[in-house]
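[1] No letters, just coordinates:
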DNA sequence: TTCATACCGGTAGGGAGGCTAGGTATAACA
DNA sequence: TGTTATACCTAGCCTCCCTACCGGTATGAA
């Protein structure tokens, strides 16, 4: 995932969190890919800027694993788009990943404080 | 970095934080590789279990980038070991990475709360 | 009408990082 | 003697994310 312009440190970063963030956004209700990237950027106050070359492969990955389901539908503007929604397995996966993230960030914080 | 036994979710995880954690541990004073992995495991209460196949390549990477300096010395037990210490650039890098981590985890938290 | 810009989807190829699995060697201990 | 812990290392793989492209449609400006 790309970083905002201000952050120089190499556009590269937290491999492994993208799936969780996408699942979380989709959990709020059916949404299409392009809108997901906008939503992530918006909520994170432009910190995350998800390139399409990361977005679409991630969506396909999540669908292939049975965590997302896709369906072509019309958007508000009358155009076609692929709407994703969480499967039951996807919801479980999201819960697991959020729990995992919590433990992980706690452990990192512990080291940054203690070491 | 490997996860504790209890955590099933695929031993794979936060690519990109390992360097920061190592730098932080080394920042506390000269220490050799094997001890670094023990320290990380200890402080994180066994959450992180750093495999040697991750540890040593990471140390070489950090040395190559000029963030760590190595020197062979004797341990308490009279054996030889490669002790690492932070360079000036390494200290700057650590600060930058900690700042980055803070912003990033805030952004993730924001999405997990808001989305 | 034509051009630019958002919107909306996609792929190929590569780089980077962490892991598994293997290796070497020494010291302590049963 | 064999096992365990210490201490270092590397090859090769896998996954993930990125850059850089490709396609198309709708809207509004020039």
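    Thanks, I have it. Please read these numbers as outputs of a predicted model, since none were measured by experiment.

[2] and residue A:51, how far is that from chain B?
    16 Å (Cβ to the nearest Cβ, to the nearest Å). Using the backbone N, CA and C atoms, a C-beta is placed for each residue, glycine as well.

[3] Quick check on that residue: phi, psi?
    Geometry field for residue A:51 lists phi and psi as phi -70, psi 150, criterion degrees, to the nearest 10.

[4] Give me the distance between the residue nearest to residue A:71 when sequence neighbours are not counted and residue B:65.
    Nearest non-adjacent residue to residue A:71, counting by Cβ to Cβ, 6 or more residues apart in numbering or on different chains: residue A:83, 5.4 Å away. Using Cβ to Cβ, to the nearest Å, residue A:83 is found at 44 Å from residue B:65.

[5] Could you do residue A:35 as well?
    For residue A:35, the distance to residue B:65 - Cβ to Cβ - is 39 Å.

[6] What of residue A:76?
    In terms of Cβ to Cβ, residue A:76 sits 49 Å off from residue B:65.

[7] which one of the two has more residues nearby?
    residue B:65 (13 against 6; other Cβ atoms under 10 Å in any protein chain shown).

[8] quick one, what contacts the residue most central in space within chain A?
    The residue lying closest to the centre of chain A (Cα atoms, centre = their mean) is residue A:22, at 2.3 Å. Residues in contact with residue A:22 (Cβ atoms under 8 Å, 6 or more residues apart in numbering or on different chains) are A:36, A:40, A:55, A:58-59, A:62.

[9] and if we set it to 10 Å?
    Listed by Cβ atoms under 10 Å, 6 or more residues apart in numbering or on different chains, the contact partners of residue A:22 are A:31, A:33, A:36-37, A:39-40, A:50, A:54-55, A:58-59, A:61-62, A:67-68, A:84, A:90, A:94, B:111, B:115.

[10] Among the residues you listed, which are located in strands?
    A:31, A:68, A:84 (DSSP state E).

[11] and which of those is nearest to chain B?
    Closest approach between those and chain B, by Cβ to the nearest Cβ: residue A:31, at 10.1 Å.

[12] is it true that the closest one touches residue A:83?
    Yes. In this structure, residue A:31 is within contact of residue A:83 by Cβ atoms under 10 Å, at 6.5 Å.

[13] pLDDT wise, what is the residue in chain A that DNA strand D sits nearest to at?
    The nearest approach of chain A to DNA strand D comes at residue A:53, 2.1 Å away (Cβ to the nearest atom of the strand). The confidence metric pLDDT takes the value 95 at residue A:53.

[14] now residue A:13
    pLDDT for residue A:13: 48.

[15] Same check on residue A:21?
    97.

[16] dump the residue contacts of it.
    Shown in contact with residue A:21 (Cβ under 10 Å, 6+ apart): A:1, A:14, A:36, A:39-40, A:43-44, A:48, A:50, A:58, A:94, A:97, A:101, B:107-108, B:111-112, B:115.

[17] for residue A:90, same thing?
    A:22-23, A:26-27, A:62-63, A:65-69, A:84.

[18] The longest helix along chain A close to DNA strand D?
    Taking DSSP state H as the criterion, chain A has its longest helix at helix A:88-114. No. Counting by Cβ under 7 Å from any atom of the strand, DNA strand D is not contacted by helix A:88-114; separation bottoms out at 11.0 Å.
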